[in-house]
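> Sharing a model that was predicted from the sequence below.
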Amino acid sequence: MPRLLLLLCLFVLPTPARAAETPAEHAASVYAAQEMAANPVHGNLPDYSLPADKLAKARHLSTIGTTLHFVSIIWGIATLILVLSFGTVGWMRDRAVALTRNRWGQGFTFLFLFLLVANLFSLPLDIYSEHLSRVYGFSVQGWPGWVDDQLKGFGLSLLFGGLLVMLLFWIIRRLPRSWWVVFALVMVPVTVLGSYAVPYISYLFYAHEPLTQSNPALVAQLGKVVAKGHLDIPPGRMYLMKASAKTTELNADVEGFGASKRVVVWDTTVAKASTDEITFIFGHESGHYVLHHIERGLVMGFLGTFIVLYLGFLFVRWSLTRFGPAWRIPSQNDWGALAVLLLAFSLFGALSEPVTAWLSRLQEHAADVYGQEVVHGIVADPQTAAQHGFQVLGETSLADPNPNPFYEFWTYSHPAIGRRAAFAHAYNPWTPGYAPKYFPKDSD
């Protein structure tokens, strides 16, 4: 079974990466790579540059942000090892079992204690990250608002995580050798349901209003992209999100799944970006849906879950045999085995991060290509709209124009914004001898 799963992943994972690179796409990619290579690391590029003061901040953020990223991963793994080694997980299990004989009560009590301890361990890094966001002007909400969001996130994790934990241990008790297969299958509808629920969960954190009320001209513009891309999103499902209450960063996307699918434009984007730039940003996001990145992501996630759960199953069996007595966790049926399984997920996730980041960058690049093509004929100059859009996005978020190649390789879920801006500048498939990748030349 594991060998078959590995072969399936090797077969399926490349499919969303990209179709064959077109000559126009290749030429623009070469141009972008040459521009990155010709300029110093952390330095400005011809197609994306920052003022001196912002460039210094971007360099600092690039270094400290990547450092914080790796520290967070290592600290998360270390936290799990510590709470297991010092018997904290066993203590949590004892408290949950002593409180009630009802398994639902035990499961939710154990998870509450576990989440509480995990959040306390991560709190210094979380506070420091928020502090950096404030220092550099990304976060504008007060500390009480930040704490409120953390508590909401904790509550959602406890509610939905508790339901999954109860289901997981119910399956483990009944199928001790094949629970990982059944739970992986269960995660398919759970993941789809989660995608469907995203727009509704967003209401807990941000206020929304129909975009038709605040900016009907933008609705008409985005409606052209929706029509050209054959997206089933009527104007009534376009919303303005009041992100400015908490952040200065920009976004415009398509979220949800099926009947919950909708367009969301942040009010910060409307305030700082032009209509053409917003149109491109939205075109990029719509590309994820039109190019079936969502569905393929679900398939990849399903196959990845299969493999990770199988490896987790093996890891739990091995580690409980080796360390179970010291950790006071006798078997995989014990509530404490959840911490062991999460340790396995953390280890495998850290090791697989470059692969998942690479796959994500390929999808984001494909969406960039689609976004530039879908706005052709809708905006006056797709190349300028895209390049300027990246300039506005990058300058607002203080994105490093030319980051360390290792940082980009290991951690970036998107191509470096300097690379994206250079590609946008050079990508012109409507010139003689070239052809668009996703739209026939005569479609405009």
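Alright, I've got the coordinates. Numbering: from 1, shown residues only.

> Please make it C-alpha for all contacts and neighbour counts, starting now.
Noted.

> pull the longest helix from this protein.
The residue-count maximum for a helix in the chain (DSSP state H) belongs to helix 337-374.

> helix, strand or coil for the residue positioned nearest the centre of the chain?
Closest residue to the average C-alpha location of the chain: residue 413 at 7.6 Å, with Cα atoms, centre = their mean. Three-state assignment for residue 413 (DSSP: H, G, I helix; E, B strand; the rest coil): coil.

> Setting aside sequence neighbours, what's the nearest residue to it?
residue 357 (4.7 Å; Cα to Cα, 6 or more residues apart in numbering).

> That neighbour reaches residue 406, doesn't it?
No - with contacts counted by Cα atoms under 8 Å, residue 357 stays clear of residue 406, the gap being 11.9 Å.

> ok, back up a step: show me the contacts for the residue nearest to the centre of the chain.
By Cα atoms under 8 Å, 6 or more residues apart in numbering, residue 413 lies in contact with 356-358, 360-361, 364.

> Spit out the contact partners of residue 269.
Per Cα under 8 Å, 6+ apart, neighbours of residue 269: 249-252, 278.

> Okay, and which of those map to helices?
Those of the contacts of residue 269 mapping onto helices are residue 278, per DSSP H.

> Could you break the chain into its assigned domains?
According to automatic domain parsing, the chain is divided into the following domains: 2-197+291-431, 208-288.

> low-scoring stretches of the stretch 301-444 of the chain, by residue?
Residue ranges of the stretch 301-444 of the chain with pLDDT under 70: 441-444.

> Roughly how far does residue 204 sit from residue 430?
44 Å (Cα to Cα, to the nearest Å).

> Quick check on those two: which one has the bigger neighbour count.
Counted by other Cα atoms under 10 Å, residue 204 and residue 430 do not tie: residue 430 has more neighbours, with 15 against 11.

> Would you mark the buried spots in the helix or strand where residue 148 lies?
Assessed by DSSP states H and E, residue 148 sits inside helix 143-174. By 16 or more other Cα atoms under 10 Å, the buried positions in helix 143-174 come out as 146, 154, 158, 161-162, 164-166, 168-169, 171-172.

> next one: stretch 321-341
324, 327-330, 332-333, 335-341.

> Now do the helices in the stretch 1-150 of the chain.
When secondary structure is read from DSSP state H, counting those that start in this stretch, the stretch 1-150 of the chain shows helices at 2-12, 23-37, 52-85, 88-99, 103-135, 143-174.

> Can you tell me which of these is nearest to residue 350?
helix 52-85 (7.0 Å; Cα to Cα).

> Could you name the helices and strands sitting against the closest one?
helix 103-135, helix 293-327, helix 337-374 (3 or more Cα pairs under 8 Å, 6 or more residues apart in numbering; DSSP states H and E).

> what's the average pLDDT for that helix?
Here helix 52-85 scores 95 as its mean pLDDT.

> Next, the angle from that helix to helix 103-135.
Interaxial angle of helix 52-85 relative to helix 103-135 (axes from the mean of the first three to the mean of the last three Cα atoms, to 10 degrees): 160 degrees.

> What are the buried residues along helix 52-85?
Of the residues in helix 52-85, those buried (16+ other Cα under 10 Å) are 54-59, 61-63, 66, 68, 75-77, 79-81, 83-85.

> Same check on stretch 377-384?
By 16+ other Cα under 10 Å, the buried positions in stretch 377-384 come out as 378-379, 382-384.

> Dump it to PDB, keeping only the CA atoms.
Provided in PDB are the C-alpha atoms of stretch 377-384 (Å, rounded to 0.1, in the frame of the first residue of the first chain):
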ATOM      1  CA  GLY A 377      -8.800  43.700 -23.400                       C
ATOM      2  CA  ILE A 378     -10.200  44.700 -20.000                       C
ATOM      3  CA  VAL A 379      -7.300  46.900 -18.800                       C
ATOM      4  CA  ALA A 380      -5.400  49.200 -21.200                       C
ATOM      5  CA  ASP A 381      -2.000  47.600 -20.500                       C
ATOM      6  CA  PRO A 382      -1.800  44.200 -18.800                       C
ATOM      7  CA  GLN A 383       2.000  44.300 -18.400                       C
ATOM      8  CA  THR A 384       1.900  47.700 -16.700                       C
END
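
> Need the contact partners of that stretch.
Stretch 377-384 has contacts (Cα under 8 Å, 6+ apart) with 221, 224-225, 276, 279-280, 372-373, 375-376, 385, 424-428, 444.

> could you redo the last one with a cut-off of 7 Å?
With Cα atoms under 7 Å, 6 or more residues apart in numbering as the test, stretch 377-384 has contacts from 276, 372, 375-376, 424-425, 427, 444.

> Repeat that for stretch 388-405.
Contacts for stretch 388-405 (Cα under 7 Å, 6+ apart): 36, 41-45, 48-50, 54, 57-59, 62, 249-250, 273, 277, 416-418, 421.

> let's see it at 8 Å
36, 39-45, 48-50, 54-55, 57-59, 61-62, 138, 248-250, 272-273, 277-278, 280-281, 416-421.

> ok so, going back, of all the domains of the chain, which gets the most neighbours per residue?
Among the domains of the chain, domain 208-288 has the highest mean neighbour count (mean count of other Cα atoms under 10 Å), at a mean of 19.

> okay, how far is it across that one, tip to tip?
Termini of domain 208-288 sit 23 Å apart (Cα to Cα).

> Just give the nearest non-adjacent residue to residue 198, would you?
According to Cα to Cα, 6+ apart, the nearest residue to residue 198 is residue 256 (5.8 Å).

> got a list of what the one you found touches?
195-199, 262.
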